[in-house]
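K.L.:
coordinates only, sequence not included:
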C-alpha cells in the first residue's frame, strides 16, 4: 500500500510523524511519501519538501512562496500518475492542502483530512470545497463532527492527539513562587510579531514580583538562538525549555500564549493563560471579514465562554498584557478558578489513543 501525506506547519509535522509511525505499526508494508517536516522525515517516510520547517502561513507568505508551492503540486501530480497511491492524507494547512486534495480527486485518489482546518471559524466556502474533494474528515474537537455532518461531509471524532503526548502531571499551585510562560508562537513570523510585547510584559510583572522567572518553550535550538540573537533578554531570569518538555511547562503559574495549539496544550496541563494574537494590518483586515468565531482560543471556544482572557491585534501591548497578568497573579482565587475551569473543559477532548484510531480508519478506508 502506498500513501501520500501532506503537512505544512510544525504542529502538523508532529502529528503527521506520530500518525506515520502508527500506520507502520498497523501495516508494516505501507509506503509513505509526501510533504512535511523533519519529524516526518525522521520516521523513514519519503519527504520531498520539508515545507513544515519553513511554515508558510497567513495570506502574504504563500504569495511570496507561490513558485515553491506550485512546484510541489506538480511534483505531487507526477507522483499520483506514476505511483497511483491508495490514498492521500492531508493534515490541517487548508490553503495548500485543498489544492492537493483537488489534484487527488482528479486522479481518483481518495482523500482523508486528519485534523480539520477551522471551518467553523470562517465562511462556509471551505467546507463546501472539503465536501467536494475529501472522502472523510477525522476531527479532533467534538463540535466539529456536528458541523461536518450538517454539511453532508462524512466525519469521525477520533479525540485529540495531544492527549496521547502530554503526561498527567500535578498542577503548579504555589501561591508565592511564580513562573511566567512566554509562548509567542512556533514560527519566526509569529515570534517577530509577539515576542517583544510578551517579554516586555514579563519585565513589567517582574518589577512587581521580583523573584519571578520566565519560562520560554521552543521547538528547536535554532529558534532559541534566534530569540537570543534578535531580542534583548536578561538571560539570568529566563529559562528556555524544549516545547515537548511538558513537565517543565507544567510549572508555569501563568502563560502569555499566542493563539494556536499551545493553548490546548496548556489547557491539558492545567496552566492558566492569556491568549493573544497579532498579525500584519492586511492579514488582520482580511481575517476580520472571514472569521466568524466569538473567541480565538480553543479553551474558550470549547467552554463557550471566556475562561482565559483574550487580547487581539492593537490590544497586544506590554502595558495591557502586564496589567491583565498582574490582576490574575494578585488574586489567587482567579488563578484557582481558571485552573478548575481548564480541567473541566479538558474533559471535552475525548480519550487518549487518537493516533491509533485515526490510523485504523485510514487503513480501512484506503483498502476499500
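P.N.:
Yep, that arrived. As the structure is a computational prediction, the values presented were derived from the model and not from experiment.

K.L.:
remind me which residues of this protein are low pLDDT?
P.N.:
Scanning the chain for pLDDT under 70 picks out 55-65, 120-124, 172-177, 279-293.

K.L.:
Residue 270: neighbouring residues, count only.
P.N.:
20 (other Cβ atoms under 10 Å). For glycine as for every other residue, the C-beta is placed from the backbone atoms N, C-alpha and C.

K.L.:
Can you name the residues that contact it?
P.N.:
171, 250, 339, 342, 343, 346 (Cβ atoms under 8 Å, 6 or more residues apart in numbering).

K.L.:
Figure out the helix or strand that residue 274 lives in.
P.N.:
strand 273-277 (DSSP states H and E).

K.L.:
Within the sheet, what are the partner strands of that strand, with directions?
P.N.:
According to DSSP bridges, strand 273-277 has the following sheet partners: strand 254-258 (parallel), strand 310-312 (parallel).

K.L.:
Please state the offset of it from the chain centre?
P.N.:
Its chain's C-alpha centre and that of strand 273-277 lie 14 Å apart, by Cα atoms, centre = their mean, to the nearest Å.

K.L.:
what sits up against that strand?
P.N.:
By Cβ under 8 Å, 6+ apart, strand 273-277 touches 181, 194, 198, 254-259, 263, 266, 296-297, 299-300, 308-313, 315-316, 321, 324-325.

K.L.:
again, 6 Å this time
P.N.:
255-257, 259, 263, 266, 296-297, 308-312, 316, 324 (Cβ atoms under 6 Å, 6 or more residues apart in numbering).

K.L.:
and if you look at stretch 94-110?
P.N.:
6, 8, 62, 69, 73, 76-77, 80, 87-88, 90, 111, 117, 129, 133-135.

K.L.:
Buried ones among those?
P.N.:
6, 8, 69, 76, 80, 87-88, 90, 111, 117, 129, 133-135 (16 or more other Cβ atoms under 10 Å).

K.L.:
nearest to residue 47, of those?
P.N.:
Distance from residue 47 was checked for each of the buried ones among the contacts of stretch 94-110 by Cβ to Cβ. The minimum falls on residue 6, at 9.9 Å.

K.L.:
Residue 51 versus the nearest residue to the closest one once chain neighbours are set aside, what's the distance?
P.N.:
Nearest non-adjacent residue to residue 6, counting by Cβ to Cβ, 6 or more residues apart in numbering: residue 35, 4.6 Å away. Residue 35 sits 5 Å away from residue 51 when distances are taken as Cβ to Cβ, to the nearest Å.

K.L.:
Residue 13 too?
P.N.:
Noted for residue 13: a distance of 9 Å to residue 51, by Cβ to Cβ.

K.L.:
Quick check: buried residues in the helix or strand hosting residue 103?
P.N.:
Using DSSP H and E, residue 103 falls within helix 94-106. By neighbour count, with 16+ other Cβ under 10 Å as the criterion, the buried positions of helix 94-106 are 94, 95, 96, 97, 98, 99, 100, 101, 103, 104, 105.
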